[in-house]
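S.K.: Below: sequence and its predicted model.
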Amino acid sequence: MSERTERSIPLEAYMLGRPTRFTLACALAAAPLLGGAGLAAAENHRTWVVEPGPGTPIQKAVDRARPGDTVVVRAGHYRENVVVTKALTILGAGAQKRGTALTPPKEPTTKSCEGTSGFCVLGTTDGAHHVVERVGPVRISGFLIRGFEGSAVLGDGTERLQVDHVRAWDNDEYGLASLHGRLTSFGSNKVSGSEGAGLYIGDSPDAEGWIGDNNAGENAVGILLRDSTGVEAVHNTATANCVGIEALNTGHGATPGGFYKLVRNTAEKNNEVCPANDGRPTLSGLGIGVAGARSVLVKENIALGNETTVRSIASGGIAVFSTRAFGGADPSDVKVVRNVALHNRPDLFWDGTGTGIHFCDNEHRTSRPAGLG
């Protein structure tokens, strides 16, 4: 993708053929195969081993499993979308070429998610999207998930959703997303080609989430924390997005977005262009942004080469700015400390709004206004 490729991002996304076989085995006997991964083995927990084949072998195993069971999915290509509504561990054979691949079927088996996603992990919500009963813990690991109209993995109303070692590639909505979730963790994933955010936690009061050691490139937004509280993004790399990492308060969520920690991430050359769309401003050339959020720590990050030649709501290495003009709020209690921001345009940016905004001990050469620390 060229540095000036335009991407259209919707507003709601922003602000092989062997016969199927199931093997049922005692979880304790299968422990050497699993290497200790997944939910803790209990005497009544079982392991289901799935081979590739016609139909919906993963979904069938998920449906037959009981809460606390483990589903092991052998290497191969599976053309299905999977809905999970119980506590399970689902382990693929890896996201590499000869691992476990999940792509859309010709006829989707469910429309339970907004768009059809690879894995949908669904709690019970009411008509107003309030969580009635959460589902979890659920772990999904070791899959290549590509080409879905929705997301690679979408959780809604989850408790302890864990997604790790997943490659999410060219999915239309998000890569990995959690809505109305608590204690979500996304770790050691690689996400690219999402028309919305690569990694996303949104509409989650008391989220207490964690996003760490991921690589997000060529998405609209690499990592987006929106209208949620208590999320840490640590040791991630965001490259060649319109925006690398953004902490966003839109003013339209269940809670004002904030209480975020953005620590030791790298945001480099996020210079794609996401044009204005349905009231959302143009986004381009922004490494790390704090957009109307409150109580945010931005510490020891590296922001390099984030610049744009188009007019964007904000651009540069690290930027703090208001979303009040779009229904959000002014930022408050934001600390930008001990970061390295170089070769951006500008390195540091603050639009002058909000209260309790502190820039100090940052290594940089340019700032707007001049004199930011």
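M.R.: Perfect, thanks for sending it.
S.K.: Next one: Ala325 from Asp347, what distance?
M.R.: 24 Å (C-beta to C-beta, to the nearest Å). Where you see a C-beta, it was placed from the backbone N, CA and C, and this is true even at glycine.
S.K.: Surely Gly354 is in contact with Ser332?
M.R.: Yes. Judged on C-beta atoms under 8 Å, Gly354 makes contact with Ser332 at a distance of 5.1 Å.
S.K.: returning to what we had before: among Ala325 and Asp347, which residue is more densely surrounded?
M.R.: Remark: of Ala325 and Asp347, Asp347 carries more neighbours, 27 against 11, as counted by other C-beta atoms under 10 Å.
S.K.: List the residues that contact that one.
M.R.: Contacts here follow C-beta atoms under 8 Å, 6 or more residues apart in numbering; on that basis Asp347 touches Ala303, Gly316, Gly317, Ile318, Ala341, Asn362, His364, Arg365, Thr366, Ser367.
S.K.: what about 6 Å?
M.R.: Applying C-beta atoms under 6 Å, 6 or more residues apart in numbering, we find Asp347 in contact with Gly317, Ala341, His364, Arg365, Thr366.
S.K.: Mind listing the residues bridging to the second one?
M.R.: On DSSP bridges, the residues paired with Ala341 through beta bridges are Ala303, His364.
S.K.: Packing partners of the top strand by length along the chain?
M.R.: Identified as the longest strand of the chain according to DSSP state E is strand 221-234. Under the contact criterion of 3 or more C-beta pairs under 6 Å, 6 or more residues apart in numbering; DSSP states H and E, strand 221-234 touches strand 197-204, strand 210-212, strand 243-248, strand 258-263.
S.K.: mind saving the C-alpha coords of it as CSV?
M.R.: Extracted C-alpha coordinates of strand 221-234, given in CSV (Å, rounded to 0.1, in the frame of the first residue of the first chain):
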residue,chain,number,x,y,z
VAL,A,221,-6.6,2.8,12.9
GLY,A,222,-4.1,0.4,14.2
ILE,A,223,-5.3,0.3,17.8
LEU,A,224,-8.5,2.1,18.9
LEU,A,225,-9.7,2.5,22.5
ARG,A,226,-13.1,4.1,22.2
ASP,A,227,-15.6,5.1,24.9
SER,A,228,-14.2,2.6,27.4
THR,A,229,-12.2,2.8,30.6
GLY,A,230,-9.2,1.1,32.2
VAL,A,231,-7.3,-0.2,29.1
GLU,A,232,-3.6,-0.7,28.8
ALA,A,233,-1.8,-0.8,25.4
VAL,A,234,1.8,-1.9,25.9
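S.K.: What average pLDDT does it get?
M.R.: Averaging pLDDT along strand 221-234 gives 97.
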